[in-house]
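Trainee: no FASTA, just this:
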């Protein structure tokens, strides 16, 4: 079989060369196609769109998985999706939603907005930015291929040992989890470093730290969290990979390993991860609430302080996921207190949001609806979080549907509402067209009500004794009503998502042109055309305070004061190397999933070769020269 | 405004619907506990719910006021005052949450330490060792030298110290009506002390994803008055496992051929006691088969024919190849196994 494939490939090559397909003209033609442009792009705006499309696609996939889960749980003892098939579904739902939906969609917003908000022409490392995306995409694709080849991971998104070890999860399922997350995790780490450096180094003249828009601040803190939280995940996944593929014994008890170590490593990553996906959403809400209240953010300084404090404390609470492991009263108490402490800065943020709206002129666009819907929803999720921080109470809540309700309130009400608010808010900037507000309202109300209908009853299901991750439940314990309502809610949410898809399609076919500043904005992204030109700012703007664009508008100026004369603009060159490198990692990962070290090695050789080429490539970028025109000089 | 009212109406109706759907089933419920530990934990749940409901209501009240009061009216073009913030308010909403948290933290800390305490020797706690298997529970009474599976009997009023670990993957032991859960890990011993107030049957669940049949890894805690419990222990020490009819004798022979490698039946005269499957001593007194089906001859046939249908991923092989007569004998014998009343 292998021989046939190799011969076939050679025949194709030979045919290509003989027929003249491999001339430089052919290559040139290929380079002119738009697909090639998207593959090689290093432009942060286009990478943002790539993140948006792929994150949106996986959102549909993960949502479908959730719907199937809810259909199975609608009635007791259902036979629609039982045993291992259900476990695959729940594992992939969790993994997809965290790693392949929340993260990339937030990166989409970061890429679309952060360089514009700080007045930069691109991120600090455009090449790395493209590499981060393609590695995420390679990992995501690898993970989802498991549905077709060999079965999906089935040990939950937490993949606890020893269930995830080969003895109890034979087959390639968990290998996909380990390698898919490893590849996409490195991509995330690269992007995190990139945004950290971008925000430190690329701010426009006058844009001091305490003039950064709140979204940029949240991305800054998030990037720092990524920098410290993803290396533990990488290390943990390596150990798991070695246990599964090469017979090491980090977690195998019979050979002297320890299963609790994996739990520690996972949650040392896993808890900061929760803040990684919720802090940028906080940033979006701060910007959106301030913008549509027509007021500056109330208590900007304490908002920044709270953000940093949440990020810091986020690293010292991981044990609250492990209260029932039996680590003793002292450990449980310490982590209970730190967990409670984290609610103080979160509370500060909530009240500052409320008082940003207080006295404003509230305009309820869809973005604003999501932002204001978030406040109450997130508070409901946050307070159950504090209830979970009480160890004796957590002994009852833990791993029951109460927890499922809690984290869906936080992640949907926080992250997903944040992403949707951000998408409605920055869509005109990204694409130049406004999303339809009427459809947007239908989208919001169905999604919002569906979300509450799905997850509010689950609090009670947990208290009535329903554990999480169960493929069925028995009648007679008063779980009937809650489960039924929950499934109806899931359908309502699906309708909400369909409204969003229709909205996008309508906007593509006959959207309203947005203009530079459709929302009467406050920050720098609204000073430039929508969509922005490749170089963003013809002249870097001079920033004179917080909300710089608002400041200028209030003083009657119709543009920012430039901080530099018009001149040639230095831009990075496109590169196909990120794509090739990720392709190599994808092939390598796919090989290792099936324990084929030959295929794995071929993929790694491609990676090393591209690393080598990149290291010795002279790539100084290019310049865009200003052109004289009738209005003077233009770019 | 109208929409807001509608939304609030929906919310109120929704909560009402949930409450009217009735209370929980007391055999599997956090909010209807039958033991001291569960009651203590419920007290903390109510305290935290109270504080947190207060917080939510305050936020919601401000929120609703703001949304209604400061909504943009048609034709309104005024530019709101650009307020920077207020130190007084910031201090206020930092200090008040801290005070609320202190109110919650003090009972949290004391209870956490209290619940971890092992029972004093004077309390004469009953020790029960638990081992979790995919997907069943082994219970051993080291003080009495008896053992059982999937159903554990306890005396009312006495502290029960469960000493638990896992044979394979991580499981968790949860009896909502008696108290909170504890993990069973391979290679690590955990302890959990519970106490039941009144006799009854309490359902238990595995709460840590442990494989295909995690959802069906059920068990039951059956609490007796102390005298009844002593009687049960004595009956289990010398169980009635000898066949009493010709058919049952044939069944015993078939159990010896098919089952005894994994399952143990004490006092039946078998030379070996299988240890990798649930013990079958006094099997007819169990309320359920494999923790899933009600225990009756009909269901036992269903279970023997295709265990994967009932409990996917279970280690129990199918015995569909046995002839109907053989199954009849097997079922007859198994359903005759009981403890010996003294």
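Mentor: Here it is on my side, so go on. The structure presented is a predicted model; accordingly, all values stated were derived computationally and were not measured.
Trainee: break chain B down into its domains, please.
Mentor: B:121-237, B:246-334 (automatic domain parsing).
Trainee: how about those, which one is nearest residue A:423?
Mentor: Set against residue A:423 and scored by C-beta to C-beta, the domains of chain B come closest in domain B:121-237, at 33.0 Å. For every residue, glycine as well, the C-beta is placed using N, CA and C.
Trainee: is any part of the closest one close to chain A?
Mentor: Yes - residues of domain B:121-237 contacting chain A under C-beta under 8 Å from any C-beta of the partner chain: B:134, B:168-170, B:172, B:174, B:176, B:179-183, B:185-188, B:190-191, B:203, B:205-216.
Trainee: test my guess that residue A:465 contacts residue B:30.
Mentor: Yes - between residue A:465 and residue B:30 there is a contact at 6.9 Å, judged by C-beta atoms under 8 Å.
Trainee: of these two, which one has the most company?
Mentor: Using other C-beta atoms under 10 Å in any protein chain shown, the more surrounded residue of residue A:465 and residue B:30 is residue A:465, with 30 against 26.
Trainee: next one: that one, what pLDDT does it get?
Mentor: For residue A:465, the model assigns a pLDDT of 93.
Trainee: now it: closest residue in space that isn't a chain neighbour?
Mentor: residue B:28 (3.6 Å; C-beta to C-beta, 6 or more residues apart in numbering or on different chains).
Trainee: what's near enough to touch the one you found?
Mentor: A:464, A:465, A:477, B:176, B:177, B:202, B:203, B:205 (C-beta atoms under 8 Å, 6 or more residues apart in numbering or on different chains).
Trainee: please apply the same query to residue A:392.
Mentor: B:40, B:41, B:44, B:108, B:111, B:112, B:115, B:180.
Trainee: so which of those residues are in helices?
Mentor: Taking DSSP state H, the ones among the contacts of residue A:392 that sit in helices are B:40, B:41, B:44, B:108, B:111, B:112, B:115.
Trainee: now for the fifth one, how many residues are close by?
Mentor: Applying other C-beta under 10 Å, we find 20 residues neighbouring residue B:111.
Trainee: separation between the nearest residue to it once chain neighbours are set aside and residue A:90?
Mentor: Excluding the flanking residues, the one nearest residue B:111 by C-beta to C-beta, 6+ apart is residue A:392, at 4.7 Å. Residue A:392 is 28 Å from residue A:90, where distance means C-beta to C-beta, to the nearest Å.
Trainee: so what's the residue nearest to residue A:576 when sequence neighbours are not counted up against?
Mentor: Among residues not flanking residue A:576 along the chain, residue A:40 sits closest, at 4.7 Å (C-beta to C-beta, 6+ apart). By C-beta under 8 Å, 6+ apart, the residues touching residue A:40 are A:130, A:574, A:575, A:576, A:579.
Trainee: what does residue B:136 give?
Mentor: Taking C-beta under 8 Å, 6+ apart as the test, what residue B:136 contacts is B:149, B:150, B:217, B:219, B:277, B:278, B:290, B:291.
Trainee: surely the last one meets residue B:213?
Mentor: Translated: residue B:291. No - Residue B:291 lies out of contact with residue B:213 (C-beta under 8 Å); the separation is 9.3 Å.
Trainee: of the two, which one has the most company?
Mentor: A direct count of neighbours by other C-beta under 10 Å for residue B:291 and residue B:213 places residue B:213 higher, at 28 against 25.
Trainee: skipping adjacent residues, who's closest to the more buried one in space?
Mentor: Distances taken as C-beta to C-beta, 6+ apart put residue B:135 closest to residue B:213, at 4.2 Å, once the chain neighbours are dropped.
Trainee: that neighbour and chain A: what is the separation?
Mentor: 10 Å (C-beta to the nearest C-beta, to the nearest Å).
Trainee: on that earlier part again, got the ones in helices among the contacts of residue A:392 as CSV, with pLDDT columns?
Mentor: Formatted as CSV, the ones in helices among the contacts of residue A:392 follow (pLDDT from 0 to 100):
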residue, pLDDT
B:40, 95
B:41, 96
B:44, 95
B:108, 95
B:111, 95
B:112, 95
B:115, 92
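Trainee: dump the residues you listed to TSV, plus distance to residue A:195.
Mentor: Converted to TSV, these look like this (distance: C-beta to C-beta, whole Å):
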residue	distance to residue A:195
B:40	47
B:41	43
B:44	41
B:108	38
B:111	43
B:112	39
B:115	44
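Trainee: what's the helix or strand that contains residue A:239 packed up against?
Mentor: Element membership for residue A:239, per DSSP states H and E: helix A:214-245. Counting contacts by 3 or more C-beta pairs under 8 Å, 6 or more residues apart in numbering or on different chains; DSSP states H and E, helix A:214-245 packs against helix A:103-117, helix A:173-201, helix A:259-292, helix A:300-313.
Trainee: off-centre distance for the longest one?
Mentor: Here the centre of helix A:259-292 is set off from its chain's centre by 10 Å, with C-alpha atoms, centre = their mean, to the nearest Å.
Trainee: by proximity to chain B, which residue of the stretch 501-635 of chain A wins?
Mentor: residue A:554 (7.8 Å; C-beta to the nearest C-beta).
Trainee: so what's that residue closest to, chain neighbours aside?
Mentor: residue B:79 (7.8 Å).
Trainee: for residue B:33, same thing?
Mentor: Nearest to residue B:33 is residue B:39, by C-beta to C-beta, 6+ apart, at 4.9 Å.
Trainee: contacting residues for the closest residue to residue B:180 other than its chain neighbours?
Mentor: Among residues not flanking residue B:180 along the chain, residue A:395 sits closest, at 2.2 Å (C-beta to C-beta, 6+ apart). By C-beta under 8 Å, 6+ apart, the contact list for residue A:395 reads A:323, A:324, B:41, B:115, B:179, B:180, B:181, B:182.
Trainee: and the pLDDT for the residue in chain A that chain B sits nearest to?
Mentor: Proximity of chain A to chain B (C-beta to the nearest C-beta) peaks at residue A:395, 2.2 Å away. Predicted confidence (pLDDT) for residue A:395: 96.
Trainee: cool, residue B:9 as well?
Mentor: 52.
Trainee: same check on residue A:634?
Mentor: So residue A:634 comes in at 64 (pLDDT).
Trainee: quick revisit: name the residues contacting each of residue A:465 and residue B:30.
Mentor: A:400, B:24, B:176.
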